[in-house]
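>>> got a sequence here, can you build the structure:
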Amino acid sequence: MANDEPLSLDAFAALKARFGQQSRKAQAYYTVMHEVRAIVGGDEAASAWMDEARAALGGMSAAQAVGAGREEEVLAYVRALKK
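Residues are numbered from 1 along each chain as shown. Modelled structure (predicted):
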């Protein structure tokens with residue numbers, strides 16, 4: 001369903017804000033993924049690790065925690081695993 005009417009300034013600002021939020025979440029996810037990949041050795045293993053529930057993250061997966069805005073907590077957890 002196409003709507004040829006131009007977006008209002010408020011609608012455009014809301015769309016831009018939503019895009020920015022999703023972009024930040026994606027960047028946070030891939031930052032964590034990069035750290036995990038260094039530990040587990042590959043993309044598939046890192047992806048599986050990201051989807052597993054973790055007691056240290058309150059039963060959430062790393063992906064869920066990052067999506068909830070807890071990327072700093074997840075990064076600290078992952079970096080502690082490296083030690």
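
>>> make it CA atoms for all contacts and neighbour counts henceforth
OK.

>>> distance from stretch 36-44 to the middle of the chain?
16 Å (CA atoms, centre = their mean, to the nearest Å).

>>> the nearest residue to Ile39 once chain neighbours are set aside: neighbouring residues, count only.
Taking CA to CA, 6 or more residues apart in numbering, and ignoring the residues beside it in sequence, Ile39 has Lys82 as its nearest neighbour in space, at 6.8 Å. Other residues near Lys82 come to 10 when the count uses other CA atoms under 10 Å.

>>> burial measure for the spatially closest residue to Glu71 that is not a sequence neighbour, as a count.
Spatial nearest neighbour of Glu71, chain neighbours left out: Ala28 (6.2 Å); criterion: CA to CA, 6+ apart. Applying other CA under 10 Å, we find 21 other residues in the vicinity of Ala28.

>>> can you give the distance of the strand or helix carrying Ala28 from its chain's centre?
Per DSSP states H and E, Ala28 falls inside helix 9-40. Taking the mean of its C-alpha atoms, helix 9-40 sits 6 Å from the chain's own mean (CA atoms, centre = their mean).

>>> related to what we said a few turns ago, so what does the residue nearest to Ile39 look like in phi/psi?
phi -70, psi -20 (degrees, to the nearest 10).

>>> what's near enough to touch the residue nearest in space to the middle of the chain?
Taking CA atoms, centre = their mean as the criterion, Tyr29 is the residue nearest the geometric centre of the chain, at 3.1 Å. Contacts for Tyr29 (CA atoms under 8 Å, 6 or more residues apart in numbering) come out as Ala63, Val66, Gly67, Glu71.

>>> swap in 7 Å and give it another go.
Contacts for Tyr29 were tallied using CA atoms under 7 Å, 6 or more residues apart in numbering; they are Ala63, Val66.

>>> brilliant, that's me finished.
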